[in-house]
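S.K.: Got a predicted structure here, sequence first:
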Amino acid sequence: MAINQNLSVSKNSIKAFRGAFLDFVEDPFYVAQNQSVRYVPDGLLVVENGIVKAFGAYDRLKEKFSDITVSEYPGMLLMPGFIDIHVHFSQTGMIAAYGKQLLDWLNQYTFPTELKFKDREYAEQVAAIFLDELLRNGTTTAVVLAAVFSASVDAFFEAASRRNLRMIAGKVMMDRNAPKYLIDTAQESYQDSKQLIEKWHHNQRLLYAVSPRFAPTSTPEQLKLAGKLLQEYPDVYLHTHLSENVNEVAWVKELFPECKGYLDVYDRAGLVGERSIFAHGVQLTNAEFQRLSEAKSTIAFCPTSNLFLGSGLFDLEKAKSIDVPIKVGLATDVGAGTSLSMLQTANEAYKVAQLRQYSLSAFQALFLATLGSARALCLDDRIGNFEVGKEADFVVLDLRSTPLMAFRNSAAPATTLEELAERAFSLIIMGDDRAVHATYILGELAYSKAD
């Protein structure tokens, strides 16, 4: 296994990759499989200076690019890099902390762990481990919550910059209902966030998310100042939690009695918009679904976390309905989540849907982890599939990575969408980090299982 921690893209470089390719051109929740899924059993991806130059059937492109060295991946499936739209890098060290629901879990495990990020050296250590784990799991973009300390954001972005990653992150804002050692003030969080935006937003491939932790740990003043940041920097993101747990929703009602509901707390502060990412949304009301749809906001679906903390079953079928369509992306959430693998997260998403008597297909799950999340982040002009002109972040998947998967799946490429759907389903149910053979960032090898 090898991970490249200092990745650079060679100028005037052109290279090609051959294998079976799967990506999406439309949303399979709304568009028929044969119109939304693009499958090339023997394809060629040509990358120039980190950008997709050509993509299509090998036989059609091989003569035009005959003088280029081709990296061949026979028997593998190449997909766009996975996009994790809600994850706590500051909770990496407490994944699999036992036995609590949300509010108790935060106090017993999360807050003491996040205090460690006051130490810049510790933050740097965890940032390296966290990003290497993402690459090992085929995740090339993530929306990340750091700790309350600005140094934790700097440590994360510096590590991401060295790896040339497209990452979105922000400093957690908390000015009440948390331990004193983690509390800032409304004005401090505004000033710190403003400085971090100026330093990191659009620095290389990095983007910033204004990140109040969740309504109970922010005063109305802090939320309003978060809204002010969104007005001052219209293309930054808003990233927070929403309606995860029944007791949390009741607490919000006590703290903000003047508001019509949890989402209304954010709405009154000017935080509900097209670039707003709300994690969980398990306990949403019909009116809140309607408002999120109108605002074109995003819900981060965190199935492993919602099951682990007993928060409930997200209503995916309503979020992806024709009546109140909402942008949805898949998310690991770690540390409440149980794995940084988007394949394992898709596995749990399928089970959550099953418990709600709703069938989630493999293609729909993989869409949520790629183009669906890119659209949710307003980044589908840059990442999410293999369209010419997009950034060449992709993952090489081995559908025969374990003895049982090898028994389940033929070595020969699937020849039809129906056959591919079967194999893709086995991938999300049985696959994990072992199925990730290689991860490429801007066409450069960032992780290789084989080495």
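M.R.: Perfect, I can see it now.

S.K.: Could you use CA atoms for every contact and neighbour count after this?
M.R.: Noted.

S.K.: Spatially nearest residue to residue 36 (excluding sequence neighbours)?
M.R.: residue 26 (4.2 Å; Cα to Cα, 6 or more residues apart in numbering).

S.K.: and the one you found, how far is that from residue 321?
M.R.: 15 Å (Cα to Cα, to the nearest Å).

S.K.: just residue 86 next, same as before
M.R.: 22 Å.

S.K.: Give me the secondary structure label for residue 324.
M.R.: coil (DSSP: H, G, I helix; E, B strand; the rest coil).

S.K.: Phi, psi for it please.
M.R.: Residue 324 adopts backbone torsions of phi -130, psi 70, taken as degrees, to the nearest 10.

S.K.: Against residue 284, how distant is it?
M.R.: 13 Å.

S.K.: before we move on, what about residue 172?
M.R.: Residue 172 is 23 Å from residue 284, by Cα to Cα.

S.K.: Equivalent analysis for residue 196, please.
M.R.: 32 Å.

S.K.: again, but for residue 214
M.R.: Residue 214 is 15 Å from residue 284, by Cα to Cα.

S.K.: So which of the two has more stuff around it?
M.R.: Using other Cα atoms under 10 Å, the more surrounded residue of residue 214 and residue 284 is residue 214, with 22 against 19.

S.K.: Now for the more buried one: which residues touch it?
M.R.: 240, 241, 242 (Cα atoms under 8 Å, 6 or more residues apart in numbering).

S.K.: Identify the bridge partners of the second one.
M.R.: When you say that, I think you mean residue 241. Here residue 241 sits in beta bridges with residue 279, as judged by DSSP bridges.

S.K.: Check it and give its pLDDT.
M.R.: Per-residue pLDDT puts residue 241 at 98.

S.K.: hey, what's the most centrally placed residue in the chain bridged with?
M.R.: With distances taken as Cα atoms, centre = their mean, the residue of the chain nearest its centroid is residue 84 (1.2 Å). Here residue 84 sits in beta bridges with residue 142, going by DSSP bridges.

S.K.: what about it, distance to residue 314?
M.R.: Residue 84 is 17 Å from residue 314, by Cα to Cα.

S.K.: swap in residue 374?
M.R.: Residue 374 is 20 Å from residue 314, by Cα to Cα.

S.K.: Same check on residue 259?
M.R.: The spacing between residue 259 and residue 314, counted by Cα to Cα, is 23 Å.

S.K.: residues of the helix or strand where residue 161 lies that come out buried?
M.R.: Element membership for residue 161 (DSSP states H and E) is helix 150-162. Residues 150, 151, 152, 153, 154, 155, 156, 157, 158, 159, 160, 161 are the ones in helix 150-162 that count as buried (16 or more other Cα atoms under 10 Å).

S.K.: CA atoms only: put that helix into CSV for me.
M.R.: C-alpha atoms of helix 150-162 as CSV (Å, rounded to 0.1, in the frame of the first residue of the first chain):
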residue,chain,number,x,y,z
SER,A,150,-8.6,28.0,13.9
ALA,A,151,-5.4,26.0,14.0
SER,A,152,-7.3,22.8,13.3
VAL,A,153,-8.7,24.3,10.1
ASP,A,154,-5.2,25.5,9.0
ALA,A,155,-3.8,22.0,9.7
PHE,A,156,-6.5,20.4,7.7
PHE,A,157,-6.3,22.7,4.7
GLU,A,158,-2.5,22.6,4.6
ALA,A,159,-2.6,18.8,4.5
ALA,A,160,-5.3,18.8,1.8
SER,A,161,-3.3,21.4,-0.2
ARG,A,162,-0.2,19.2,-0.2
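
S.K.: Residues contacting that helix, please?
M.R.: For helix 150-162, using Cα under 8 Å, 6+ apart, the contacting residues are 5-8, 117-118, 120, 123-124, 127-128, 131, 146-147, 166-167, 169-171, 192-193, 196, 200, 204-206.

S.K.: Which is the succeeding secondary structure element to that helix?
M.R.: strand 167-170.

S.K.: And that following strand, what does it pack against?
M.R.: Helices and strands touching strand 167-170, by 3 or more Cα pairs under 8 Å, 6 or more residues apart in numbering; DSSP states H and E, are strand 139-145, helix 150-162, strand 206-212.

S.K.: Okay, buried residues for stretch 14-26 please.
M.R.: Buried-residue list, stretch 14-26, by 16+ other Cα under 10 Å: 14-26.

S.K.: what would those residues look like in CSV with distance to residue 188?
M.R.: Compiled in CSV, the buried residues of stretch 14-26 are given as follows (distance: Cα to Cα, whole Å):
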residue, distance to residue 188
14, 47
15, 47
16, 49
17, 48
18, 51
19, 51
20, 51
21, 48
22, 46
23, 43
24, 43
25, 43
26, 43
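
S.K.: Okay, and which of these map to strands?
M.R.: Judged by DSSP state E, the buried residues of stretch 14-26 include 14, 15, 16, 17, 18, 19, 20, 21, 22, 23, 24 as members of strands.

S.K.: out of the residues you listed, which one sits closest to residue 437?
M.R.: Closest to residue 437 out of these is residue 19 (12.8 Å), distances taken as Cα to Cα.

S.K.: For the closest one, give the beta-bridge partners.
M.R.: Judged by DSSP bridges, the bridge partners of residue 19 are residue 43.

S.K.: Residue 170 now?
M.R.: In beta-bridge terms (that is, DSSP bridges), residue 170 pairs with residue 145.

S.K.: Tell me which residues touch it, please.
M.R.: 144, 145, 146, 153, 193, 208, 209, 210, 211.

S.K.: who's in contact with the third one?
M.R.: Right, residue 146. Going by Cα under 8 Å, 6+ apart, residue 146 touches 88, 89, 90, 152, 153, 156, 169, 170, 171, 172.

S.K.: Now the two most distant members of the residues you listed.
M.R.: Within the contacts of residue 146, 156 and 172 form the most distant pair, 13.1 Å apart (Cα to Cα).

S.K.: does the residue with the largest distance to the centre of the chain count as helix, strand or coil?
M.R.: Computed with Cα atoms, centre = their mean, the residue of the chain farthest from its C-alpha average is residue 63, at 37.2 Å. Under the three-state scheme (three-state DSSP), residue 63 adopts coil.
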